[in-house]
Every structure is written in C-alpha cells, then in structure tokens.
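Student: coords please:
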Amino acid sequence: MLQGLEPVDLPPDAIQVGRIADAWGLKGWFKVLPHSADPEALFSSKRWYLQPTERGKPAFAGTQLMRIREAKVHSDNIVAVAHDMEDRDIAESLKGSRIFIPRSSFPTPELDSYYWVDLMGLNVVNREGVDLGVVKDLLATGPQTVLVIEYTENVDGEEKTLERMIPFVSHFVDDVNLAEKRITVDWQPDY
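Tutor: Residues are numbered from 1 along each chain as shown. Here you go, the predicted structure:
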C-alpha cells in the first residue's frame, strides 16, 4: 500500500473528474488534468477516490481513498497535495491515476446552472411534447454549450441512430426538470 492511500470501495455516485498528470515539485505535490473547464468539485472535495491508470504499470490496485490537504490553481495548472504524502516519488507513482469524486460532494450549483453529468441521459421534448431524443453528450463551443441529442429515425426502411444539436441557452431551453429527467425546449424535429 502506498503512503497516504487507503483501500476503499468506490462510492456508487462517483464520477471521474480528472487524472493525475505528473509529480510537481519535491514535496509530494502533483499536477491534475481536470475533465471540466470549471473544476470546482476538485477544489471543494477533500476526499478523492483514485483508481489505477489503465496504461503502464499501476502503483496500486483497486480503489484508494486520498485525503487532500490542498488543491489550487498554479499558473495554468491545477496542483494538489495529499495528507501523509510528502514525497515526490510517491506523487510520480500516481501518474495516470483516475480521480473520482462522489456526485453528492459536488458544490450546489447556482440557480439555473447544472453540472453536465446531471444532464446526461435526460429526455428532451419540445413545447408540443414531441420526443426529440436523449442527451448523450455536451459540447463547449466557446460562448455556449450545445446539447448532443441521440434519437432513432426510420431512414429508407431502416432504423438509424442519429444526432441533433440544440444550443443550451435560455432562448431555446424552457425548462430542466432533473426530478422528471426531462428538458423542454423550443425546437422542432426538422431544425
């Protein structure tokens, strides 16, 4: 077992939020590659769950709990250090490890703000109640986010899976109901 890690079960609501990129400095700090442009969950949670890298030779097996002492932005990077982990060699051995945080540990979003992970899998319907598909992905296009919606359609007598994209802006999105797993939009199937 590596110093500073504790074997645990992965929480059922755990979401992968990033990876450890490399060691940083001499005192056990490491760089983090977040999966989000706004990695608030990394900063707010003091308990990160690690799973080994999928490539190379992992330094540990199974899920490990790492108690974070500090995480911060440094230049254009995110860096962190864990309790009881004050050695560069240990930080280097974690390179590639996947970081998970329970969804229940994420900060509460502001009104009319949503975590992408909460939108995945929601049904999308228009104002007339026409089913437009299911959110399969989101794209950050700079000024706005775009919902990538997957739906099936009969094309030349064959069922095909297709995608449509709808800007996730108030002009087109009327309502997001997480409890009912539904997004209502001002959009037509033939747009």
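Student: can you list the weak-confidence ranges in this protein?
Tutor: 1 (pLDDT under 70).
Student: Identify each of the strands in it and give its residue range.
Tutor: If you assign secondary structure with DSSP state E, the strands in the chain sit at 5-7, 14-23, 30-34, 47-51, 64-74, 77-82, 98-102, 123-126, 131-140, 145-155, 158-167, 173-177, 182-185.
Student: Only the buried residues of the second one, if you could.
Tutor: Of the residues in strand 14-23, those buried by neighbour count under the rule 16 or more other C-beta atoms under 10 Å are A14, I15, V17, G18, R19, I20, A21, A23. In short, each C-beta sits where N, CA and C put it, glycine included.
Student: Switch those residues over to JSON lines; also include distance to D76.
Tutor: What follows is these, written out as JSON lines (distance: C-beta to C-beta, whole Å):
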{"residue": "A14", "distance to D76": "27"}
{"residue": "I15", "distance to D76": "24"}
{"residue": "V17", "distance to D76": "18"}
{"residue": "G18", "distance to D76": "15"}
{"residue": "R19", "distance to D76": "16"}
{"residue": "I20", "distance to D76": "17"}
{"residue": "A21", "distance to D76": "12"}
{"residue": "A23", "distance to D76": "17"}
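Student: re the thing from before, nearest to W116 among the strands of the chain would be which one?
Tutor: Shortest distance between W116 and the strands of the chain, using C-beta to C-beta, is found for strand 131-140: 4.9 Å.
Student: Which neighbours in the sheet does the closest one have, and how are they oriented?
Tutor: strand 123-126 (antiparallel), strand 145-155 (antiparallel) (DSSP bridges).
Student: Pull out the buried positions in the shortest one.
Tutor: Buried residues in strand 123-126, defined by neighbour count with 16+ other C-beta under 10 Å: N123, V124, V125, N126.
Student: between the residues you listed, which is closest to V176?
Tutor: Nearest to V176 out of the buried residues of strand 123-126 is V124 (C-beta to C-beta; 10.0 Å).
Student: Quick one: residues contacting D118.
Tutor: Taking C-beta atoms under 8 Å, 6 or more residues apart in numbering, we find D118 in contact with R103, L178.
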